[in-house]
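**Q** from the sequence below, what's the structure:
(one chain, ligands or ions: 1)
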Amino acid sequence: MSKQQRSAHNNKNSKHGKAEGAKPSGPAASSRPKPSGKPAYSREDSKPATGRKAASSKERPNPKAGKAPHSYNQKRRSTSNTTNAEELKSGDIIIVTIKRLGINGEGIGYYRRKAVFIDGAITDEVVKAEVQEVQPKFIKAQLLEVEKRSPHRIEPPCPVFGICGGCQIQHISYEGQLAAKTDIVREAFNRYAGLDNLRFKPILGMEHPWNYRNKAQLQLKRQGREVIAGLYEADSHSIVDISGCPIQHPKVNEAVEKVKSVLEELRIPLYKENGSKDGVRTIVVRHGFQSGELQVTLVTAGSRLPRQDDFVRMLRLTMPEVSGIAMNINPKKTSLIFGERTITLWGAENMQESLSDLQFALSPRAFFQLNPQQTVKLYESVRAAAGLTGQETVIDAYCGTGTIGLWLAPYAKEIRGIEAIPEAVEDACINAQRNGRTNASFHVGQAEELLPRWVKDGLRPDVIIADPPRTGLDPRFLETILRTKPKRFVYVSCNPSTLAKDCKVLLDGGYEIDWVQPVDMFPQTSHVECVIGICRDDT
Ligand SMILES: C[S@@+](CC[C@H](N)C(=O)[O-])C[C@H]1O[C@@H](n2cnc3c(N)ncnc32)[C@H](O)[C@@H]1O
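**A** Below you'll find the model as predicted:
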């Protein structure tokens, strides 16, 4: 695939760098559910969807204990279940039966028909909780004591669970987590698309649901001489040290420690240290599970890294397996981790990794699924949903480094990928060539702009696949699907709310959902990935 074959289009408004983790990032959709017969709530959409959230109170109970951190009797104001929900005040004590888990892993029950959100409570438990916030449509309460315990309640193994915002449901057995995630998806379709009879395939879980993350993306602070790398505590900007994080691969943890020690040793300034606007903001480490390679990227606020040569020399000595060291410059204060400019400080511009028998080049800013073991299951589900015969023209929208398109290329006539990040498209083109996928091309652009343009120029895709960030599909993209009427549409999503809302638009436009396949890409967190096969018969 030559560079000339790529589209020149490169829109400045791309959601660069938003894709970590849990495809991680970007706010969840802000639209509110329409009033229904059920008690309404919309908090799940008002929370930032970093995927790394937990209970918000400073005086947070440890959800594993099922006991209050302070005496419940001392705080008691009212345990009456006869108080009107409107009359409740902060500090009141209520007893709630938990009906299900919400999208952020919180227990949801009802008090006088008003939804109550309680972090750390589990479905079917009866809990005592202290009211923290009373809003017109919901109540937020803090777990004090578990009166009736779920058989799925377990001791969370991580010492910072409940403080670090990374995992939300370590206190639930893995079996319970899988069931809860399926319920979260069902509830989203029920609430946002009015569908309660969809065919759900059993969720695809992991045999060992730990050490699965191939990438760490950590904020930095200095404590004395020591550099601390971690995640933000939920609802705050205080950084929690996550050394030895049990969902990250040990090689990733080890690499983070080494980068920290070099930053410490060389006293390289961190962002905002001593009032400076320069310095290192974030460290990003990615590990190739198959290749064994390690890619280290420092995200800096300024365009110069103090003691850059010493940093490279020392890091290579400490970490001989490092394959590339890069610096990404992000001068702006936004929720995006990466800025637009990346400079290779040493080694390879992109890291090598493989999935099954496919080889991939990955540049620092390009998205790659965080859980390689589950990615193979995810992509096989996409293949099943696409129903290819070898004759189809397939659009791989939001294609990243071309992974889905290249997975499907042997089963289709032509693959055309669209991706907003130029480096990821360069990677995808290299990947197509390296894997001999001559029927695949990849193009820089916004999916909602490039697809309509291609359709205007006469393209009639048979199958469209979309794997957007958490924000879901742009209305222009949905409108193009409805106008173009591909036989099949495959939606890969990490946000059940936006997924269900977008599917509703397609269903109203004549499509039908074949099945829903939940895939657990992020064990111990409340996130759930889904592949949905959607089709129409009138084309
Ligand atoms: C969840 S990732 C999926 C990547 C790929 N399908 C995979 O499995 O690795 C979403 C991708 O969409 C890209 N993206 C975000 N907004 C976009 C837009 N409006 N148009 C095209 N690509 C976009 C991101 O850069 C990211 O690479």
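**Q** need the helices for the stretch 401-539 of the chain, in chain order.
**A** Under the criterion DSSP state H, counting those that start in this stretch, the stretch 401-539 of the chain contains helices at 403-408, 422-434, 447-456, 475-484, 496-508.
**Q** ok, now the chain?
**A** Using DSSP state H, the helices of the chain run over residues 43-46, 72-75, 174-193, 250-265, 308-318, 372-386, 403-408, 422-434, 447-456, 475-484, 496-508.
**Q** OK, contacts around the one residue in the stretch 301-450 of the chain that gets nearest to the ligand?
**A** Relative to the ligand, the nearest point of the stretch 301-450 of the chain is Gly400 (2.9 Å; Cβ to the nearest ligand atom). All C-beta spots, glycine's among them, are computed from the backbone N, C-alpha and C. By Cβ atoms under 8 Å, 6 or more residues apart in numbering, the contact list for Gly400 reads Ala19, Ala366, Phe367, Phe368, Glu419, Ile421, Ala424, Ala428, Asp467.
**Q** Asp537 now?
**A** Contact partners of Asp537, counting by Cβ under 8 Å, 6+ apart, are Glu512.
**Q** how near is it to the ligand?
**A** To the ligand, Asp537 is 27 Å away according to Cβ to the nearest ligand atom, to the nearest Å.
**Q** before we move on, what about Asp241?
**A** Computed as Cβ to the nearest ligand atom, the Asp241 to the ligand distance reads 28 Å.
**Q** got it, and Arg470?
**A** Going from Arg470 to the ligand by Cβ to the nearest ligand atom gives 8 Å.
**Q** how about Ser526?
**A** To the ligand, Ser526 is 17 Å away according to Cβ to the nearest ligand atom.
**Q** tally of neighbours for the nearest residue to that residue once chain neighbours are set aside?
**A** The shortest distance from Ser526 to any non-neighbouring residue, by Cβ to Cβ, 6 or more residues apart in numbering, is to Gly105 (3.3 Å). Residues lying near Gly105 (other Cβ atoms under 10 Å) number 28.
**Q** for Gly105, what are phi and psi?
**A** Reported as degrees, to the nearest 10, the phi and psi values for Gly105 are phi 90, psi 0.
**Q** which residues touch the closest residue to Ala447 other than its chain neighbours?
**A** The shortest distance from Ala447 to any non-neighbouring residue, by Cβ to Cβ, 6+ apart, is to Ala397 (4.2 Å). Residues counted as contacts of Ala397 (Cβ under 8 Å, 6+ apart) are Gly417, Ile418, Ala447, Leu451, Ile464, Ile465, Ala466, Asp467, Pro468, Phe477.
**Q** could you give the bridge partners of Ala397?
**A** Ile418, Ala466 (DSSP bridges).
**Q** do the same with Ala361
**A** Bridge pairing for Ala361 - DSSP bridges - gives Gln352.
**Q** around it, how many other residues sit close by?
**A** Residues lying near Ala361 (other Cβ under 10 Å) number 21.
**Q** I'd say it and Gln352 touch.
**A** Yes - assessed by Cβ atoms under 8 Å, Ala361 is found in contact with Gln352 at 6.2 Å.
**Q** can I get stretch 435-453 as CSV, trimmed to CA atoms?
**A** Coordinates of each C-alpha in stretch 435-453 appear next as CSV, following Å, rounded to 0.1, in the frame of the first residue of the first chain:
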residue,chain,number,x,y,z
ASN,A,435,0.6,-9.0,6.0
GLY,A,436,0.1,-9.2,2.2
ARG,A,437,-3.5,-7.8,2.4
THR,A,438,-3.5,-6.2,-1.0
ASN,A,439,-7.3,-5.6,-1.0
ALA,A,440,-7.1,-3.2,2.0
SER,A,441,-6.6,0.5,2.0
PHE,A,442,-6.6,3.0,4.9
HIS,A,443,-7.5,6.7,4.8
VAL,A,444,-7.1,9.6,7.2
GLY,A,445,-10.3,11.4,8.0
GLN,A,446,-13.3,11.8,10.2
ALA,A,447,-15.6,8.8,9.6
GLU,A,448,-18.6,11.1,9.6
GLU,A,449,-17.1,13.2,6.8
LEU,A,450,-15.2,10.7,4.7
LEU,A,451,-17.9,8.1,4.4
PRO,A,452,-20.6,10.5,3.2
ARG,A,453,-18.1,11.8,0.6
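**Q** so which of the helices of the stretch 401-539 of the chain is the most surrounded?
**A** Each of the helices of the stretch 401-539 of the chain was scored by mean neighbour count; the highest is helix 403-408, a mean of 26, by mean count of other Cβ atoms under 10 Å.
**Q** quick one: is that one near the ligand?
**A** Yes - Helix 403-408 lies within reach of the ligand by Cβ under 6 Å from any ligand atom, at Thr403, Ile404.
**Q** what packs against that helix?
**A** Under the contact definition 3 or more Cβ pairs under 8 Å, 6 or more residues apart in numbering; DSSP states H and E, helix 403-408 sits against strand 358-362, helix 372-386, strand 393-397, strand 414-419, helix 422-434, strand 440-444, strand 463-466.
**Q** quick one: pLDDT of the residue of the stretch 301-450 of the chain closest to the ligand?
**A** On the pLDDT scale, Gly400 is placed at 98.
**Q** spell out which parts of the stretch 251-400 of the chain neighbour the ligand.
**A** Residues of the stretch 251-400 of the chain found near the ligand, taking Cβ under 6 Å from any ligand atom as the criterion, are Phe367, Phe368, Gln369, Tyr398, Cys399, Gly400.
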